[in-house]
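Undergrad: output the structure for:
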Amino acid sequence: MKKTILLTIVMTAILALALTVGAFAAEDAAADSAITVGATEQTEQAPKLLAQVFNGGALAILGAALAVGLAGIGSAKGVGMVGEATAGLLSENPNMFGKAFALMALPMTQGIYGLVIAFLIVFKCGLFTDGMQGLLSLTVQEGAYYLMSALPIAVVGLISALKQARVSAAGINLLSKRPDQVGKAITSAALVETYAIFALLISVLLVLVG
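TA: Prediction:
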């Protein structure tokens, strides 16, 4: 699992860096094409095509996608892990579902945090009010800023959801032997979420200030 998390983060960083560099390159190429005299029509169209693909709006949408995607992956996998442990508990004591459900639902919150950041980015980009024109009006610098703003909750949400799921699954095992200790099990799992909340606050502040 550690290798999978590390690979996901590395690939995300490479993708974000590649698209950012490509966007800046496309912007420079478009600027150079605008001041070049006597270029062929095909040569002039190439920078325009690059500018349509690599632009600030694309970077901002990538940030929103990473926020909801990575955090959602962590939550989905985390809920699945706790759900498997819960199924084992319920096979012995079906009356424990109410107590186990709280532990099973805890890893869901990181995906919700990522969704909140994605909505904020889309709203700040003007997609709700101006449609595609709002995205196209973003500069590369603005798009890269929103992309970087989404990374805290994207990365921390992914990792914290998986770690919280492990603690929650351990809490399920605790309930199978000591059903009266549900409060301690939930508290232990909730502590892991503290860092997801910190990441959420940073991402919210960065998006709102931008």
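
Undergrad: for the chain, name the helix or strand with the lowest mean pLDDT.
TA: Among the helical and strand segments of the chain, the one scoring lowest on mean pLDDT, DSSP states H and E is helix 41-53, with a mean of 50.

Undergrad: now do stretch 62-79, average pLDDT.
TA: What stretch 62-79 shows for mean pLDDT is 94.

Undergrad: now do the spatially most central residue of the chain against Ala185, distance only.
TA: Residue closest to the mean C-alpha point of the chain, counted by C-alpha atoms, centre = their mean, is Ala67 at 1.9 Å. From Ala67 over to Ala185 the distance is 29 Å, taken as C-beta to C-beta, to the nearest Å. (Glycine included, C-beta is placed from N, CA and C.)

Undergrad: so how far is the helix or strand just after the least confident helix or strand of the chain off the chain centroid?
TA: Next in sequence after helix 41-53, counting helices and strands by DSSP states H and E, comes helix 56-92. Mean-position distance between helix 56-92 and its chain equals 10 Å (C-alpha atoms, centre = their mean, to the nearest Å).

Undergrad: may I see the buried residues of helix 56-92?
TA: 56-75, 77-79, 81-83, 85-86, 89 (16 or more other C-beta atoms under 10 Å).

Undergrad: packing partners of it?
TA: Other elements packing on helix 56-92 under the criterion 3 or more C-beta pairs under 8 Å, 6 or more residues apart in numbering; DSSP states H and E are helix 2-35, helix 97-105, helix 109-124, helix 132-136, helix 140-177.

Undergrad: now the closest residue to Leu151 other than its chain neighbours: how far from Leu158?
TA: Excluding the flanking residues, the one nearest Leu151 by C-beta to C-beta, 6 or more residues apart in numbering is Leu66, at 7.0 Å. According to C-beta to C-beta, Leu66 and Leu158 sit 10 Å apart.
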